[in-house]
Structure formats: structure tokens, C-alpha cells
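**Q** Fold the following, please.
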Amino acid sequence: MCFELLQQLDKSKENIVFTVISGKNSGAKLLLSDGEKVYTNNELYNWDSVIKLIPADKKSKIINFEDEKVYVEFISQDYNVVVCGAGHISIAIIKMCKLLNLHVTVIDDRIKFTDNARNAGADRVICESFVEALRGIEGSKSTFFIIVTRGHRHDQDCLEEIITKENAYIGMIGSRVRVRKVLDYLEEKGIPREKLDKVYTPIGLNIGAETPEEIAVSIMAELIEVKNKGIGYGSYPREVIDGILSEKYKDIPKAIVTIVSRRGSAPREVGTKMLVLKDGNMIGTIGGGCVEADIRQSALSAIENQECRLVQVDMTGLDAEEEGMVCGGIVEIFVEPIK
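**A** Predicted structure coming up:
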């Protein structure tokens, strides 16, 4: 089943879902992982020709193929955060990571501090030397490293271990003077300057942060900024996948709805998904309000008739204004019954 495969995908690879959203083949689907076809529900469709039309900008969007529309969706990666140090700033970072649904690992060599990190909600806590702990952690294109240890020497040790790992982001706390000394030292040890220049330091956006909590906000804001450079990627939220695959809802007919295009101002991005159950319940959100009310009716009808639908919602007219839809954009939403 497609959704089971999506749950098991290696998120470090380039994963693309192709879905035909109009015409006689509406609902045909292909899952491509690093160029390999791993699933399709329509072997006869001309997928090879569609694959040649993959957008060069790697943004999820609708493409036209012959007389049909195909939604090409680049699946976002599952990001994780590794925090070196478990002081006051780290505790605030952990709490924000949990709000953002980011898996967070914390490293410190002090038992009391690692206990604090565990109590704050860290998913994984390692209590040993920074060097030894980091040697056991593999980097990836979806790993964010945050260095906020208690001292200059530990920062240096951490960066030396991290700098050669694959990563989405490396940020290190410290004054400009302190940071420069660390970078110069590592350059003298043979680490290329171009690698060192990619380190975000001083860490965090410049918002005049002073307290540990404010500093954590500035760090997480910078992390979000880096992560969202990939905006235009789609995702299958865990709650939606769980709703599709869980025993709790297995006997309830359902449909998944996806924003496949948007023009102007709209509440959510392309790729946003929601699950509608035949009993009227919804899992996830595509923006709330009248948009979801209208789409729920379309989804319930699609479930009843077992047919896919491409629905346009216009939030620019007087009707939308009267209903309090203040965004003022137009979105296309694909409604797909799950069989």
C-alpha cells in the first residue's frame, strides 16, 4: 500500500510522489525514491515521460502532461536536531523543538544537566564526553547541529567532530572574538575555510536576545529559516498517516485532501494535507474555517462515489469576505478517496 511505503521511506533520499489529478487517469500514482520506482497503482501509465518533466526547481507543483494534470510532490525530509550542551538555553530549545515536532538529541557530560534535558522532553539524551557522543552520531542532510556548551574548549571539540559530518545546519554560540579563535584553530588543523565559513556563528538571528529563552528563540528562528528554504516541499504528516493506517479508523471510509496549487494569499502552503473521515471527523488542517467546511462536503461526496476530485476554492470575492475568509487567494485542492 502506498501510505505504508511512505511511512517507511528513507527520508534522506529524494522522494517524489506523482499523482494524476485530472482526466481519465485521475488518481493514478507513482512513488519515486532516488530515481527508483517503488510503487505505482497504474503500471500502464506513461510514467517515464512524466518523470522527464520533473521541475528543475524541486518545488511541488502541477505540471501538464498530454491532456491531464499531474501533481508532482517533493516529499520533505524528517528533520532532527542535535544539541551539544544541556544548560538553560538548551532546555528552552528542547521545549521549542517539541512544539515544532522536531526530534531532538541532547549531549552533555554532567548527569544533573542531562536529567534536566530528559525532563524537558528530549527524545534522546547522551551523558558522556562530547567527542565520544558525537562520534556515535551520523550526520545527514536533515540534521541540525546546535553547539551551546558551557565553554570555549568544548565548543571547539564539538565543532571539530561535527564539521566533517553531513548536515543541514551547524550553529555555534559565542562572541565574535571567541568564535574567530575556534575557527582559526580548526583551519590551522587542516579544516578547509569554506567549510568553516558555512557555520552559523554567532548563532541565531539578530533580534537583540538577552535571556536564555530569547536566545533560544533566535536560534530556533534561524533554524526554521534554513529549513524553510525548501518551502514548496510537501509532507505526509504523522497524524494523517496514522489516521490512514491505524486500527482505530481502519473500518471508516476516508479521503485525503491536498492543496496542489495556490495563487495570492492563502492560509496554508502547497502540499498541506488533511484526512476526512466518513463520520465527519477531520485529522490535520488545510487552513480552517470555510475552506475546510466546503472541502469536507466534497470529500464526503468523493468517499460516497469513490471518485477523485479537483476542487477550486476562491477566497477573493464578496462571498468569501462575508464569511470572514481574509486571506484573499485561490487554492486548488485534490480530494482522493482511500481504497
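**Q** got a list of what the residue lying closest to Asn64 once chain neighbours are set aside touches?
**A** Residue nearest to Asn64 in three dimensions, not counting chain neighbours: Val70, with 7.7 Å by CB to CB, 6 or more residues apart in numbering. C-beta here means a position set from N, CA and C on the backbone, and glycine is covered the same way. Going by CB atoms under 8 Å, 6 or more residues apart in numbering, Val70 touches 18-21, 50, 53, 62-64.
**Q** Confirm that Leu159 sits in a strand.
**A** No - assessed with DSSP: H, G, I helix; E, B strand; the rest coil, Leu159 is helix; it does not lie in a strand.
**Q** Assess the claim that it and Met172 are in contact.
**A** Yes - in this structure, Leu159 is within contact of Met172 by CB atoms under 8 Å, at 5.9 Å.
**Q** Any chance you could list residues touching both of these two?
**A** Taking CB under 8 Å, 6+ apart as the criterion, Leu159 and Met172 both touch 147, 182, 199.
**Q** Quick one: list the elements packing against the helix or strand the second one falls within.
**A** Under DSSP states H and E, the secondary-structure element containing Val182 is helix 176-188. Applying 3 or more CB pairs under 8 Å, 6 or more residues apart in numbering; DSSP states H and E, we find helix 176-188 packed against helix 152-162, helix 193-196.
**Q** if we look at it, which residues are touching it?
**A** By CB under 8 Å, 6+ apart, helix 176-188 touches 152, 155-156, 159-160, 163, 172, 174, 193, 196, 199, 201-202.
**Q** one more time with 10 Å
**A** Helix 176-188 is contacted from outside by 147, 151-153, 155-160, 163, 172-175, 191-193, 195-197, 199, 201-203, using CB atoms under 10 Å, 6 or more residues apart in numbering.
**Q** what does stretch 30-42 give?
**A** Taking CB under 10 Å, 6+ apart as the rule, stretch 30-42 contacts 1-6, 8-10, 12-20, 25, 27-29, 43, 45, 47-48, 50-51, 54, 70, 72-73, 75, 339.
**Q** cutoff 6 Å now
**A** Contacts with stretch 30-42, where a contact means CB atoms under 6 Å, 6 or more residues apart in numbering, come from 2, 5, 13-18, 28-29, 47.
**Q** Double-check that Leu223 belongs to a strand.
**A** No - under three-state DSSP, Leu223 sits outside any strand and is assigned helix.
**Q** next structured bit after the one helix or strand Leu31 maps to?
**A** Using DSSP H and E, Leu31 sits in strand 29-33. Using DSSP H and E, the helix or strand that follows strand 29-33 in sequence is strand 36-40.
**Q** Would you mark the buried spots in that following strand?
**A** If you call a residue buried by 16 or more other CB atoms under 10 Å, then strand 36-40 has these buried ones: 39-40.
**Q** ok, now stretch 139-157?
**A** 139-140, 142-149, 154-157.
**Q** do the same with stretch 98-106
**A** 102-106.
**Q** ditto for stretch 244-257
**A** For stretch 244-257, by 16+ other CB under 10 Å, it's 244, 249, 253-257.
**Q** show me what contacts Val276?
**A** By CB under 6 Å, 6+ apart, the residues touching Val276 are 255, 282, 296, 299.
**Q** check which helix or strand covers it.
**A** Per DSSP H and E: strand 273-277 holds Val276.
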